[in-house]
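Participant: fold the following.
(chains A and B)
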Number of protein chains: 2
Amino acid sequence: MKARLLTLILSSTSLLVSAQAWAQRNEPVQVIPPVQVDNPAMVELGKKLFFEPRLSRSGFISCNSCHNLSMGGTDNIKTSIGDRWQEGPINSPTVLNSSLNVAQFWDGRAADLREQAGGPIANPKEMAFTHELALEFLSSVPEYKAEFKQVFGTPSIGIDQVTEAIAAFEETLVTPDARFDLWLKGDDKAITDQELAGYQLFKTSGCVACHNGPNLGGSSFQKMGLIEPYVTDNPAEGRVAVTGKDADRFNFKVPTLRNVELTYPYFHDGAVDTLGEAVDIMGRLQLGKKFSAEENAQIVAFLKTLTGKQPEIVLPILPASRDDTPRPVPFGS
Amino acid sequence: MKARLLTLILSSTSLLVSAQAWAQRNEPVQVIPPVQVDNPAMVELGKKLFFEPRLSRSGFISCNSCHNLSMGGTDNIKTSIGDRWQEGPINSPTVLNSSLNVAQFWDGRAADLREQAGGPIANPKEMAFTHELALEFLSSVPEYKAEFKQVFGTPSIGIDQVTEAIAAFEETLVTPDARFDLWLKGDDKAITDQELAGYQLFKTSGCVACHNGPNLGGSSFQKMGLIEPYVTDNPAEGRVAVTGKDADRFNFKVPTLRNVELTYPYFHDGAVDTLGEAVDIMGRLQLGKKFSAEENAQIVAFLKTLTGKQPEIVLPILPASRDDTPRPVPFGS
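Facilitator: Numbering: from 1, shown residues only, chains lettered A, B, ... in the order given. You can find the predicted model right below:
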């Protein structure tokens, strides 16, 4: 039935043009699918929660602190700053396009964004709160109670609803219309010859074996240091922490390359500041290949075509605490 | 000439209606004047800088960290969290309507918002940066260089331009159309009888002696603990730090009551969480008056009519650091 419809469309010259405009080149990288917002009220609630520092013990740290939507959905520092300025164990991955990942966290320990969202709230090195205290706070604010009731239809607020709303907001954080996507859709002039050469190298050198699909990554776990070992002070061991299998040691989720120009520093330990250095290390350690300066510049130029349209976020106005709302504990133990 | 024009307007019945809609009751509190944006490009640049954590040593703290525009322009904690989680010396006052204040900071040590804006960047307990390093960072980012050049017409970026742009943005952060403003403009139904009774008490009890004008405060320095001393652990001594005069000891800038429902906790030491307690303490210490529970509730009800329309802020997208941009120092000394 679909095939017949396609034939009908293709047989019409006037429609052919519009079909071509949306067709994608046959490449191992695909354009980002457009977001469909089924439940705008839930997304709006999730946005408030994403910017809500009262979900942390200190009242100071929100999801946006480390996944800053002004800065490519990251904090642009090596490893994040948590409660009482604790040094985080790993680089904060971007929240942008994260719904396209096969799993969440570098070791994939959360199956999806809902499961991920509860983690940092209760992590003593991050927001250092508990789910119980988070719910106690939310339930003390009438506007939140009303909004949860409107969205979920129940009188009490549960942590599953909190994480579902945050995930619903995060699912809207996609970055379409990167120049590379325009090229994928058929616009030859969307990228330069140097950028195209970089993409060809990216394919022929083997980068695309892991960095593929609409998110150029996020779809598999791979060993960091495949050909040569990766030397780092960071104690994270990756996927083995989840599976317990020795073979998964130093296997990390392949990070997305979408907006990679904005998501420095790079790698799970945030050790590398520049794209040029990251490309060089990846080439040597993962592919056994030393890119020339020209090749490196071509690949970097290609990677910069992956910066998409950033989500336009109107800052939410958070409802005020009430007299009986528990207060944050910013200092002291 | 103006008088004649007014006579002409008032003599026209059809125009009289519209004149009435904008007339204000003759009260010691006035509506917030509307903002006029003369230089939108400067405001837009100032907004970026206001949200720019790379103006701090750690790359983590921006103006918005402590003057959070999701939370009444404050951080809603007693005293702020600074670089390396240092405990701030004093409660962060709201940035909302701050252009209406006679001076900036609790002790008025900055004459205006421009002078204020440079303070936290270089304060070792706050953003812990230096003006030199801030300029070095900004100058390393081509988009910032181009934007400063467009706004200020000069090829190099100076700290005066940084603070001027931040101040220009902050001047737009006014909150018009509070219910009390609608009442001031003549809408009798904009506030309830209880709220009106609270305002009458606010006037007859003497609160309005200090909390007057469009910002209900911000126009003078007054002694904290006029009738009875104010007991606090906070070492701040107020205006004396600026003037050196003993008479100014414990004189603080009278805080605005605009949006006071959102700007808890209260007083320069942030010691008080609720409006009811703040009104009680102010009555006893400043006016020698013990409000009854009913009176207290009336004044609190009035204060909640001062919550205005919060600025609608589209989160800025900050330009990426370049290879040669100096990196933040989030950890270590």
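Participant: what's the end-to-end length of stretch A:208-225?
Facilitator: End-to-end distance for stretch A:208-225: 16 Å, by CA to CA, to the nearest Å.
Participant: again with stretch A:126-144
Facilitator: 23 Å.
Participant: just stretch A:313-321 next, same as before
Facilitator: 23 Å.
Participant: and that stretch, what's buried?
Facilitator: Using 16 or more other CB atoms under 10 Å in any protein chain shown as the test for burial, stretch A:313-321 gives A:313, A:315, A:316, A:317, A:318, A:319, A:320, A:321. Heads up, the C-betas are built off the backbone N, CA and C, glycines and all.
Participant: quick check: domain ranges of chain A?
Facilitator: A:40-170, A:179-306 (automatic domain parsing).
Participant: list the contacts of the residue in the stretch 1-150 of chain A positioned nearest to chain B.
Facilitator: Chain B sits closest to residue A:85 of the stretch 1-150 of chain A, with a gap of 3.8 Å, by CB to the nearest CB. Going by CB atoms under 8 Å, 6 or more residues apart in numbering or on different chains, residue A:85 touches B:84, B:85.
Participant: pull the contacting residues for residue A:64.
Facilitator: A:50, A:51.
Participant: spell out the secondary structure type for it.
Facilitator: Taking DSSP: H, G, I helix; E, B strand; the rest coil as the rule, one finds residue A:64 in the helix state.
Participant: which bits of the stretch 201-333 of chain A sit near chain B?
Facilitator: Counting by CB under 8 Å from any CB of the partner chain, the stretch 201-333 of chain A comes close to chain B at A:261-262, A:264-265, A:273-274, A:276, A:310, A:312-318, A:320-321, A:323, A:327-328, A:330-331.
Participant: out of the domains of chain A, deepest packed?
Facilitator: Most buried of the domains of chain A, by mean neighbour count (mean count of other CB atoms under 10 Å in any protein chain shown): domain A:40-170, with a mean of 21.
Participant: hmm, residue A:241 is touching residue A:108, no?
Facilitator: No - with contact defined as CB atoms under 8 Å, residue A:241 does not count as touching residue A:108 (9.6 Å).
Participant: all the helices of the stretch 1-150 of chain A, residue numbers only.
Facilitator: A:2-10, A:13-22, A:40-50, A:63-66, A:113-122, A:131-139, A:142-152 (DSSP state H, counting those that start in this stretch).
Participant: which among these is found nearest to residue B:26?
Facilitator: helix A:142-152 (35.4 Å; CB to CB).
Participant: helices or strands up against the closest one?
Facilitator: On a contact count with 3 or more CB pairs under 8 Å, 6 or more residues apart in numbering or on different chains; DSSP states H and E, helix A:142-152 meets helix A:40-50, helix A:131-139, helix A:159-170.
Participant: swap in 7 Å and give it another go.
Facilitator: Helices and strands touching helix A:142-152, by 3 or more CB pairs under 7 Å, 6 or more residues apart in numbering or on different chains; DSSP states H and E, are helix A:40-50, helix A:159-170.
Participant: helices of the stretch 201-333 of chain A, residue ranges please.
Facilitator: A:240-243, A:275-287, A:293-303.
Participant: show the average pLDDT along the shortest one.
Facilitator: The average pLDDT within helix A:240-243 is 94.
Participant: try stretch A:170-185
Facilitator: The model assigns stretch A:170-185 a mean pLDDT of 98.
Participant: straight-line length of that stretch, end to end?
Facilitator: Where stretch A:170-185 begins and where it ends lie 25 Å apart, using CA to CA.
Participant: and it, does that touch chain B?
Facilitator: No - using CB under 7 Å from any CB of the partner chain, stretch A:170-185 stays clear of chain B, with a minimum separation of 10.6 Å.
Participant: again, but for stretch A:113-126
Facilitator: No - no part of stretch A:113-126 sits near chain B under the criterion CB under 7 Å from any CB; the closest distance found is 13.1 Å.
Participant: any residues of the stretch 1-150 of chain A in contact with chain B? List them.
Facilitator: Residues of the stretch 1-150 of chain A lying near chain B by CB under 7 Å from any CB: A:51, A:58-60, A:69-71, A:75-77, A:81, A:84-85, A:87.
Participant: closest to residue A:26 out of the residues you listed?
Facilitator: Nearest member of these to residue A:26, counting by CB to CB, is residue A:69, at 33.3 Å.
Participant: and that closest one, how far is that from residue A:47?
Facilitator: Distance of residue A:69 to residue A:47, computed by CB to CB, to the nearest Å: 10 Å.
Participant: cool, and residue A:331?
Facilitator: For residue A:331, the distance to residue A:47 - CB to CB - is 29 Å.
Participant: for residue B:169, which of the helices of the stretch 1-150 of chain A is the nearest?
Facilitator: Using CB to CB, these put helix A:63-66 closest to residue B:169, at 19.1 Å.
Participant: any idea of the mean pLDDT for that closest one?
Facilitator: In this model, helix A:63-66 has a mean pLDDT of 98.
Participant: low-confidence stretches in the stretch 1-150 of chain A?
Facilitator: A:1-22 (pLDDT under 70).
Participant: you'd agree residue A:119 is up against residue A:110?
Facilitator: Yes - between residue A:119 and residue A:110 there is a contact at 6.4 Å, judged by CB atoms under 7 Å.
Participant: good, we can wrap up now.
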